[in-house]
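Visitor: Here is the input, now give the coordinates:
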Amino acid sequence: MSLFQNTFWLKRIVVIISIVIVSLILWNTYIFFQKFKEEERAKMKLFASAMKEFGNNPNLDDEFNVEGQVIENTKSIPSILLNEDGSISLHHNLDSLKSLNPKYLQKQLQIMRDQNDPIEISYKNTKKQYVYYRNSDLLYKLKYYPLALLLILGLFLTIIYMGFKSSKVAEQNKLWTGMAKETAHQIGTPLSSLLGWITILRAENIDQMYVNEIEKDVDRLSIIANRFSKIGSLPELKQHNIVSITKTVFNYLESRSSKHISFSFNTSEEIINTQINTELFGWVIENLIKNAIDAMQGKGTFDLFIKNTSKKVKITISDSGKGIHKSQFEQIFKPGFTTKKRGWGLGLSLSKRIIEDYHKGKIFVQKSEIGKGTTFQILLNKF
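Guide: Modelled structure (predicted):
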């Protein structure tokens, strides 16, 4: 059985066991709640009996004081003794200060009516009174105990889910890292051969312009191999002129794009130094430019502007392509999400990781309008 299948069944077993345990606890809590409620009613019936006895025999010896003993036994249960005409005769275990307010007593009486049926007291003189009572504080707490238990279960299951999800993500990252490093290794073999062929071509009577262009593509392959080899490891950041790094990538892609696309590169200063990893940062710029070219479908305008501020370096990349829906501004950075018919949906996800995780910067969609284009912005800290 594979690790995925083991994880699949383990998750379900844990969930089933958790549900069974919680169901048993909830059932026992319900039974205990009902039993406790019955005991409270029995106490109030005893209280009613004591009141009846005292009412029928008002000259009972004070030392016997049945009422006092019963009240002591029911001190945790708020109650109101109501006359036949609806007036309140007395009350027990309610807030002494608030009880001076008739509205408070009427409100408590309504709560008692909603919670429990009254207990009737019939005296010898045909007079009747009614004992109303509400659940004790302990019974209230017991009532909400299942809710607290469900919240704890939800938290427990959330932790389990996050644990499994984290494990799955770690496994996927390990797989992608292995694939990336293997790709870099595989590219390295033909690259060595191509470099040898370039040396031979330079010795031959061949137009050097062609050789130079081939060499640029080989250098590009070498950069790509280096990028893949760095996935999964913390890259080294060094002080570089971000303008020249960006301009190199810009020029390379401009020369290999449609002539119907108007490219524009601008910067507030020619030298803007900041801490970056050249291979990975160049990968981000390349992804954004390629996405813009694809969005314009071979025709439009592309603008890249680098601005130096006191605390940040701002790189703004705009195109006149098809645009992005506002609801997709965050989704496009998630792994696997793509609006293209062909593609893995990894370019922007990698770009976000490179900028935000490795360079501690920020990348986001600044604005976009369907049919008019999209503007991305990268913010890098100045170290």
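
Visitor: ok, longest helix in this protein?
Guide: Across the chain, the longest stretch assigned as helix under DSSP state H is helix 137-203.

Visitor: Quick one: mean pLDDT over that helix.
Guide: On average, the pLDDT along helix 137-203 is 74.

Visitor: burial measure for residue 162, as a count.
Guide: Here the number of neighbours of residue 162 (other C-beta atoms under 10 Å) works out to 10. Heads up, the C-betas are built off the backbone N, CA and C, glycines and all.

Visitor: State the distance from it to residue 156.
Guide: Here residue 162 is placed at a distance of 11 Å from residue 156 (C-beta to C-beta, to the nearest Å).

Visitor: Enumerate every residue touching residue 271.
Guide: Listed by C-beta atoms under 8 Å, 6 or more residues apart in numbering, the contact set of residue 271 reads 241, 243.

Visitor: helix, strand or coil for it?
Guide: For residue 271, the assignment made with DSSP: H, G, I helix; E, B strand; the rest coil gives coil.

Visitor: what comes up buried for stretch 364-372?
Guide: Across stretch 364-372, burial judged by 16 or more other C-beta atoms under 10 Å covers 365, 368.

Visitor: May I have it as CSV, with CA atoms only?
Guide: Taking Å, rounded to 0.1, in the frame of the first residue of the first chain, the C-alpha atoms of stretch 364-372 are listed here in CSV:
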residue,chain,number,x,y,z
PHE,A,364,0.8,41.6,-6.9
VAL,A,365,-1.6,42.7,-9.6
GLN,A,366,-1.8,46.4,-9.3
LYS,A,367,-4.7,46.8,-11.8
SER,A,368,-6.3,45.0,-14.7
GLU,A,369,-9.2,45.6,-17.1
ILE,A,370,-10.7,43.0,-19.4
GLY,A,371,-9.7,43.8,-23.0
LYS,A,372,-7.4,46.6,-22.0
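
Visitor: tell me how far the longest helix of the chain is from the chain's mean position?
Guide: 16 Å (C-alpha atoms, centre = their mean, to the nearest Å).

Visitor: With stretch 330-337 instead?
Guide: Mean C-alpha position of stretch 330-337 versus that of the full chain (C-alpha atoms, centre = their mean) differs by 15 Å.

Visitor: for the record, mean pLDDT for it?
Guide: 79.

Visitor: Quick check, pLDDT for residue 355.
Guide: 93.

Visitor: Could you tell me how far it is located from residue 144?
Guide: Residue 355 sits 47 Å away from residue 144, going by C-beta to C-beta.

Visitor: out of these two, which sits in the more crowded spot?
Guide: Using other C-beta under 10 Å as the criterion, residue 355 and residue 144 rank with residue 355 on top: 22 against 9.

Visitor: what helices or strands is the longest helix of the chain leaning on?
Guide: Applying 3 or more C-beta pairs under 8 Å, 6 or more residues apart in numbering; DSSP states H and E, we find helix 137-203 packed against helix 3-56, helix 208-230.

Visitor: Buried deepest among those helices, which one?
Guide: Ranked by mean neighbour count, the helices and strands packed on helix 137-203 are led by helix 208-230 with a mean of 15 (mean count of other C-beta atoms under 10 Å).

Visitor: Show me what secondary structure element comes after that one.
Guide: Next helix or strand after helix 208-230 toward the C-terminus (DSSP states H and E): strand 238-241.

Visitor: which helices and strands does the helix or strand just after that following strand pack with?
Guide: The first helix or strand that comes after strand 238-241 along the chain, using DSSP H and E, is helix 242-255. If contacts are counted by 3+ C-beta pairs under 8 Å, 6+ apart, helix 242-255 sits against strand 261-267, strand 273-276, helix 278-296, strand 300-308, strand 312-319.

Visitor: From what I see, residue 25 and residue 150 are in contact.
Guide: No. Using C-beta atoms under 8 Å, residue 25 is not in contact with residue 150; the gap is 10.1 Å.

Visitor: tally of neighbours for the closest residue to residue 15 other than its chain neighbours?
Guide: Distances taken as C-beta to C-beta, 6 or more residues apart in numbering place residue 157 nearest to residue 15, at 6.8 Å, with adjacent residues excluded. By the measure other C-beta under 10 Å, the count of residues near residue 157 is 16.
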